[in-house]
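Trainee: one predicted model, sequence on top.
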Amino acid sequence: MSAPVRGRSTRARPANRRPKSAEYRARRRVVLRRRLVALLTLVSVIASVYCVFFTPLLGVSQVQVRGNSVLTEEEVRDIAAIEPGSPLVRLDLQGIHDRVATIPRVAAVEVERQLPGTVRLLLTERSPVGSVKMPDGFHLVDSTGKDYAIVPVAAPGVPELVLTLPSSSDPATRAVVGVLNELPEKLRPEVVSVSATTGADVRLTLTGDRVVKWGSSELTPRKAAVLLVLLSRQGTTYDVSSPDLATVS
């Protein structure tokens, strides 16, 4: 009896095992490379954020003050209270603005950041429309009626204001500055002083001791136009409080 013949396996050995393995390794290298790039990018971003927000690399190195004429740069910097080396991007710009805005002479302020380490303060200082003589000196009043500074002598080039208590909330002050704000340029050099006790009894004293009864600040352009015509007549008192019924005496 002959021995049984062992059958041969019909399974074929994979001929492409090596190529597949090479392809797999290639794909894996690509994936690993991408992960490495992503990791390095993340580390770079974290490092950049840390440097910007938590180190003095982009810290404040200088504070520039622009627009000041009476105020000194040191006065403004002291009030702004910006700590040297503070991270520029973490500065409280609104807080800086609000502190500088408390300076009485400052009418407006803008705060700007400039890389790598500059803070710029752009100021608009108040300008007087007149000065009020008080026991402690001459109080400067701006176009809003704000009493913002005291100086030893009257401000040049602007009239004296005769007011009991200059304030932007005082009706007499508001009436006086309301008239001055709308006076035509041709009249301004003629005005020596302006007085009022209420919001309706503004009185101008012109050169040559001429007096103008103005009344309220309403219709100021109309009153000014009428006054320019009346000033061609001889007189000491000009009443334009009712511009359609103006008189000269």
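Mentor: Good, I have the coordinates. Predicted model, so just to flag it, every value in this text is computed and none were measured.
Trainee: look up which residues are beta-bridged to L204.
Mentor: V194, V212 (DSSP bridges).
Trainee: would you agree I150 is in contact with V141?
Mentor: No. Assessed by Cβ atoms under 8 Å, I150 is found out of contact with V141, at 11.1 Å. Quick note: C-beta positions are derived from backbone N, CA and C, even for glycine.
Trainee: looking at those two, which one has more neighbours?
Mentor: V141 (28 against 14; other Cβ atoms under 10 Å).
Trainee: ok, the residue lying closest to that one once chain neighbours are set aside - how many residues close by?
Mentor: Among residues not flanking V141 along the chain, P166 sits closest, at 5.1 Å (Cβ to Cβ, 6 or more residues apart in numbering). P166: 23 surrounding residues under other Cβ under 10 Å.
Trainee: let me know the secondary structure of P166.
Mentor: Assigned with DSSP: H, G, I helix; E, B strand; the rest coil, P166 falls in the coil class.
Trainee: could I get stretch 143-150 in CSV with only the CA atoms?
Mentor: Only the C-alpha atoms of stretch 143-150 are listed here, as CSV (Å, rounded to 0.1, in the frame of the first residue of the first chain):
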residue,chain,number,x,y,z
SER,A,143,-15.5,127.3,24.9
THR,A,144,-17.5,124.8,27.0
GLY,A,145,-17.6,127.1,30.0
LYS,A,146,-15.1,125.0,31.9
ASP,A,147,-12.9,126.9,34.4
TYR,A,148,-9.7,124.9,33.9
ALA,A,149,-6.7,126.9,35.1
ILE,A,150,-5.6,129.8,37.3
